[in-house]
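Novice: let's see this in three dimensions:
(one chain, ligands or ions: 1)
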Amino acid sequence: MTNKNENSSPFSFNKNRNNNNNNNNKPKVNNLQNKPNNNNFNFNKNNNKNSFSVVPQKKNKTESDFEIDKIIEEVTGGNKEKQGKGVTKTNVVSSLFTSNPEIQSYGSFENKNRKKFDLFETNNIDTEKVIKTFKDTGLDPLLCYHLKHKLSLEKPTNIQAKSIPYLLNQTKREKGFAIDGDVIIQAQTGSGKTLTFLLPIISRLLSIDDDRIDRSIGTLAIILVPTRELAKQIQQVMESLVRLSGSIKNMEEEEDDDDDMNNRQIKYKHWITPGIIAGGDKKKSEKARLRKGVNILVSTPGRLLDHLQNTNSFDVSQLRWLVLDEADRLLELGFEETIKSIIQLIQEKAIYASQEIISVLPKRIQFILCSATIAEDVKKLAEYSLSNPKLIKDDSNEKGKNQGNNNEEDEDQGNTMTVSVPTQLKQSYVVTPAKLRLVTLVTKLQSIIAKSPNKKAKVIVFMSCSDTVEFHYRLFGEYNEKATVLDDEIRAEEKKKQQQQKYNKGGKNNNSNNNNNNNIKQQQQDNSKDNESSKKEKTQTFIIGELFKNTPIYKLYGNLPQAERTRIFMEYSKTDNGILLCTDVAARGLDLPDVNQIIQYDPPCDFKDYIHRIGRTARIGRQGNAILFLLPSEIEYLDIMKAQGLDVEEIRVEDSIKEGLLPREQKDWDYVATNIQMKLERFILSNSDLLLTAKKAFSSFVRAYATHSSTEKHIFHIKKLHLGHLAKCFALREAPSNIKDVNKPSNDKSNGKGGKNMSSKAKEIMKQKRKLLNVSEFDTNTSVYSGPNTRKKRKTKK
Ligand SMILES: Nc1ncnc2c1ncn2[C@@H]1O[C@H](COP(=O)(O)OP(=O)(O)OP(=O)(O)O)[C@@H](O)[C@H]1O
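Specialist: Residues are numbered from 1 along each chain as shown. Next up, the predicted model:
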């Protein structure tokens with residue numbers, strides 16, 4: 001039995017195990033009787049990064065997404081012998097340390113020109129006056145008081161100090177030419193971009209001095225965001241900004257020596273009503289809210305377009321601002337058409353009849369586009385009716401890369417992609433062979449928890465698709481040590497019981513070769529029952545398992561039911577302890593307080609998302625860590641990171657795994673790693689439902705791998721995946737045989753012969769749709785593992 005006093009991971013060796021095997025502190029794996037041959041697991045310190053290749057590839061061969069199935073077939077079927085080395089069809093467990101590709105060290109790299117960047121440093125600001133406080137920006141004094149005394153925000157960040165005066169447009173309004181040009185705001189993640197655009201809007205609404213205006217004036221500002229979580233978050237910020245009553249009272253009572261304030265008769269504009277329509281809610285109640293009047297509205301594109309087209313009482317005739325937060329994401333294919341239709345409709349519906357009444361507002365719809373990664377899209381934005389857009393950037397740490405481009409001209413053109421990463425964010429990477437990935441993740445999480453104060457850690461793990469998130473959530477949450485322990489005593493007892501039962505039924509034991517599975521299968525029923533009862537607890541937002549002891553595990557992906565999604569997001573926002581497993585639905589904009597570690601278990605499909613993912617930590621000047629997992633075949637990705645001027649530290653996989661083990665285990669780290677893997681595999685085998693989830697996850701992972709952007713295709717190519725080794729990431733002993741039987745989007749079927757007749761743009765749209773299916777808001781069915789039914793269908797087709 002397991003020694004319960006063992007003060008370590010559930011995977012620790014039990015040296016006192018009482019059974020007949022003399023060598024029982026070693027994992028009992030058929031072909032692991034001997035110590036793994038470390039020579040196969042080679043860390044080559046020479047820096048010749050171009051020389052390695054895991055699976056020989058024909059370079060430069062490009063194929064459309066429609067050929068993925070063909071490739072999968074080739075990789076799984078045709079080349080089974082070649083690809084499947086190290087994985088057999090029997091229950092023999094292959095070693096984690098044989099047949100791995102050689103890992104060459106790329107080393108750590110840093111950008112020597114990178115300068116320390118102060119978020120609040122305001123001396124180099126391109127404004128007419130020195131800005132040290134919110135008041136200096138020209139914001140309404142009441143709002144400034146509220147920010148300081150109620151929201152504890154002392155001074156503006158660099159990007160706020162730079163943008164707010166421009167967006168208030170005060171000087172020009174005073175001089176009588178209040179033309180509000182469009183604005184593009186680019187600043188690093190966690191630098192306060194939300195307040196950058198919200199504060200001037202609210203301030204200008206507060207300055208309307210006309211009693212005839214009430215909420216029935218309709219929607220004056222729309223903020224478009226790519227996800228519902230981000231919409232919810234912005235709505236909360238808006239609510240906190242317009243809840244001014246307390247501030248008014250205090251401000252009136254305070255004997256302030258500030259003349260401006262004392263002389264000002266404070267009027268609270270009760271009519272300013274923020275609101276949200278972001279799908280997932282009943283349309284009827286959204287319509288009712290719109291009818292009453294929502295003055296500042298935050299919305300996701302699909303739902304906004306729907307209301308613009310179908311809700312007569314949705315009044316945008318006076319609209320003055322359209323903000324695209326995470327603009328580059330919103331302008332990607334997939335959202336693009338919706339955004340174009342929205343712009344067209346609001347421009348059609350705009351009437352500025354009451355212009356004189358609200359003269360303090362922009363004379364026409366002002367577009368404000370925001371993101372940490374937007375510059376490269378600026379040219380494209382011309383298509384979106386932008387008039388003479390002004391690009392405002394923070395003076396980030398990227399001077400090394402773009403030395404000398406800090407002048408107005410370049411800013412206005414803004415055609416270069418510069419990444420802006422918080423200086424205090426510590427980035428690292430680990431190159432791990434596919435077979436060791438799962439163990440590396442588990443030990444990494446364990447070491448993070450162990451090192452955190454009071455063993456409380458807030459970690460986000462990014463994965464490529466919903467099915468892989470679901471699989472890991474269940475594996476980590478449901479893992480049960482008992483299901484993996486096969487002590488001789490228990491085994492003998494259970495065997496006796498089974499034989500008894502079979503003889504009683506007059507049955508025959510056909511599985512005499514499979515000792516382990518007899519025990520495991522017997523536990524399947526119990527586990528399945530447990531699972532059913534756990535599924536019933538639908539209100540549960542997290543799961544706590546044996547694996548990470550007191551650390552709750554959360555999951556977030558697009559096709560979770562909306563109510564569950566919102567609950568999870570809200571709960572995880574509040575907690576100071578938890579592992580969030582998620583897709584890129586959580587990559588953009590979310591301001592989850594105190595996240596101290598980001599793990600990119602699967603690299604993002606687009607480099608921009610690398611920046612946004614790591615940006616969930618180290619926000620507003622705080623410390624944070626981010627680690628990227630790469631396969632040996634993906635090492636070229638580091639060239640891209642290096643070229644962007646990032647500072648990244650190399651962590652060797654051996655060191656990473658050891659960090660998660662007890663000191664006494666570290667000497668035998670390879671055995672411990674194998675033991676961990678073996679137990680996870682046994683656990684999966686003990687639970688038929690989870691086994692199916694693992695297979696689904698495997699298949700979806702392979703399909704998601706094919707959605708990497710074309711510029712990175714040579715690095716992340718499905719042909720480079722060793723599917724036999726990859727199975728280990730899903731605690732499977734071999735690659736599922738039917739992964740090519742996938743549920744395809746219906747359009748795929750119509751072009752089943754490879755979509756030869758499709759234009760390249762149509763192909764790109766399809767690709768983006770697939771990408772969205774895997775990771776986004778609109779993720780309705782990411783399941784690409786068809787399961788037994790489809791398998792049957794395909795057989796009959798033949
Ligand atoms: N002037 C300020 N002083 C202190 N904290 C601030 C200030 N402005 C904003 N913040 C806080 O900083 C955090 C990050 O802000 P926000 O979410 O707007 O960042 P962002 O730049 O939009 O990030 P991302 O690019 O990830 O969307 C929030 O918690 C916000 O309340």
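Novice: quick one: what helix or strand has S573 in it?
Specialist: Take DSSP states H and E as the rule and S573 turns out to sit in helix 562-574.
Novice: so which residues make contact with that helix?
Specialist: Helix 562-574 is contacted from outside by 228-229, 232, 279-281, 538-539, 541-542, 554-556, 560, 578, 580, 590, 592-593, using Cβ atoms under 8 Å, 6 or more residues apart in numbering. Backbone N, C-alpha and C define where each C-beta goes, glycine included.
Novice: of those residues, grab the buried ones for PyMOL.
Specialist: The following PyMOL line selects those of these that are buried, judged by 16 or more other Cβ atoms under 10 Å:
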select buried, resi 228+229+232+279+280+281+541+542+554+555+556+560+578+580+590+592
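Novice: next step: the contacts of helix 562-574 restricted to helices.
Specialist: Using DSSP state H, the subset of these located in helices is R228, E229, K232.
Novice: my read: the first one touches T300, true?
Specialist: Read that as R228. Yes - shown here, R228 and T300 form a contact pair, counting by Cβ atoms under 8 Å, at 5.9 Å.
Novice: please parse the chain into its domains.
Specialist: Residue ranges for the domains of the chain, per the TED database: 158-171+178-247+269-393, 425-483+540-729.
Novice: going by mean pLDDT, which of these comes out lowest?
Specialist: Ranked by mean pLDDT, these bottom out at domain 158-171+178-247+269-393, with a mean of 88.
Novice: reformat the ones in helices among the contacts of helix 562-574 as JSON lines; add distance to the ligand.
Specialist: Formatted as JSON lines, the ones in helices among the contacts of helix 562-574 follow (distance: Cβ to the nearest ligand atom, whole Å):
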{"residue": "R228", "distance to the ligand": "15"}
{"residue": "E229", "distance to the ligand": "12"}
{"residue": "K232", "distance to the ligand": "13"}
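Novice: can I get those in JSON lines including distance to K363?
Specialist: Below are these laid out as JSON lines (distance: Cβ to Cβ, whole Å):
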{"residue": "R228", "distance to K363": "33"}
{"residue": "E229", "distance to K363": "34"}
{"residue": "K232", "distance to K363": "32"}
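Novice: roughly how far does V672 sit from Q498?
Specialist: V672 sits 31 Å away from Q498, going by Cβ to Cβ, to the nearest Å.
Novice: the nearest residue to Y106 once chain neighbours are set aside in helix, strand or coil?
Specialist: Spatial nearest neighbour of Y106, excluding adjacent residues (Cβ to Cβ, 6 or more residues apart in numbering): L638 at 4.8 Å. Here L638 is recorded as helix under DSSP: H, G, I helix; E, B strand; the rest coil.
Novice: pretty sure L638 sits against S428.
Specialist: No - counting by Cβ under 8 Å, L638 does not reach S428; the two are 11.4 Å apart.
Novice: need the residues of the stretch 51-200 of the chain near the ligand, please.
Specialist: L153, P156, T157, Q160, A187, T189, G190, S191, G192, K193, T194, L195 (Cβ under 6 Å from any ligand atom).
Novice: which ChimeraX command selects the buried ones in those?
Specialist: The buried subset of those, as determined by 16+ other Cβ under 10 Å, is captured in ChimeraX by this line:
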select :153,156,157,160,187,189,190,191,192,193,194,195
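Novice: so which of the residues of the stretch 51-200 of the chain next to the ligand sit within helices?
Specialist: Within those, membership in helices is found for Q160, K193, T194, L195, as judged by DSSP H.
Novice: any idea how far the second one is from I351?
Specialist: Meaning K193. 31 Å.
Novice: coming back round to it: hmm, the helix holding S573 touching the ligand?
Specialist: No - using Cβ under 6 Å from any ligand atom, helix 562-574 stays clear of the ligand, with a minimum separation of 10.5 Å.
Novice: for F197, helix, strand, or coil?
Specialist: Using three-state DSSP as the criterion, the local structure at F197 reads helix.
Novice: what's near enough to touch it?
Specialist: Residues near F197 by Cβ under 8 Å, 6+ apart: S163, L167, I185, I223, V323, D325, I368, C370.
Novice: which of the residues you listed has the most neighbours?
Specialist: With neighbours taken as other Cβ atoms under 10 Å, the top of the contacts of F197 is S163, carrying 31 neighbours.
Novice: circling back: could the residues of the stretch 51-200 of the chain next to the ligand be laid out in CSV, adding distance to L96?
Specialist: As requested, those are arranged in CSV below (distance: Cβ to Cβ, whole Å):
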residue, distance to L96
L153, 50
P156, 52
T157, 47
Q160, 50
A187, 44
T189, 36
G190, 38
S191, 42
G192, 45
K193, 44
T194, 45
L195, 49
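Novice: which members of the residues of the stretch 51-200 of the chain next to the ligand are the farthest-apart pair?
Specialist: Based on Cβ to Cβ, the longest span within these runs between L153 and T189 and measures 18.2 Å.
Novice: tell me where the stretch 101-250 of the chain has helices.
Specialist: Here the stretch 101-250 of the chain has its helices, by DSSP state H, counting those that start in this stretch, at 141-145, 158-168, 170-174, 193-206, 228-242, 245-253.
Novice: can you put those helices in TSV and add distance to S99?
Specialist: Shown next, in TSV, are these (distance: least, Cβ to Cβ, whole Å):
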stretch	distance to S99
helix 141-145	64
helix 158-168	50
helix 170-174	68
helix 193-206	48
helix 228-242	42
helix 245-253	66
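Novice: what's the closest of these to K549?
Specialist: In terms of Cβ to Cβ, the element of the helices of the stretch 101-250 of the chain nearest to K549 is helix 228-242, at 27.7 Å.
Novice: which bits of this structure sit near the ligand?
Specialist: The chain has residues 153, 156-157, 160, 187, 189-195, 372, 589, 591, 615, 619-620 near the ligand, with proximity defined as Cβ under 6 Å from any ligand atom.
Novice: could I get the ones in helices among the residues of the stretch 51-200 of the chain next to the ligand as JSON lines with distance to L723?
Specialist: Formatted as JSON lines, those follow (distance: Cβ to Cβ, whole Å):
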{"residue": "Q160", "distance to L723": "49"}
{"residue": "K193", "distance to L723": "42"}
{"residue": "T194", "distance to L723": "43"}
{"residue": "L195", "distance to L723": "48"}
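Novice: Q500 and the ligand: what is the separation?
Specialist: Separation of Q500 from the ligand (Cβ to the nearest ligand atom, to the nearest Å) stands at 62 Å.
Novice: that residue: what secondary structure?
Specialist: helix.
Novice: likewise for K608?
Specialist: Classified using three-state DSSP, K608 is helix.
Novice: quick check, it in contact with A327.
Specialist: No - with contacts counted by Cβ under 8 Å, K608 stays clear of A327, the gap being 11.6 Å.
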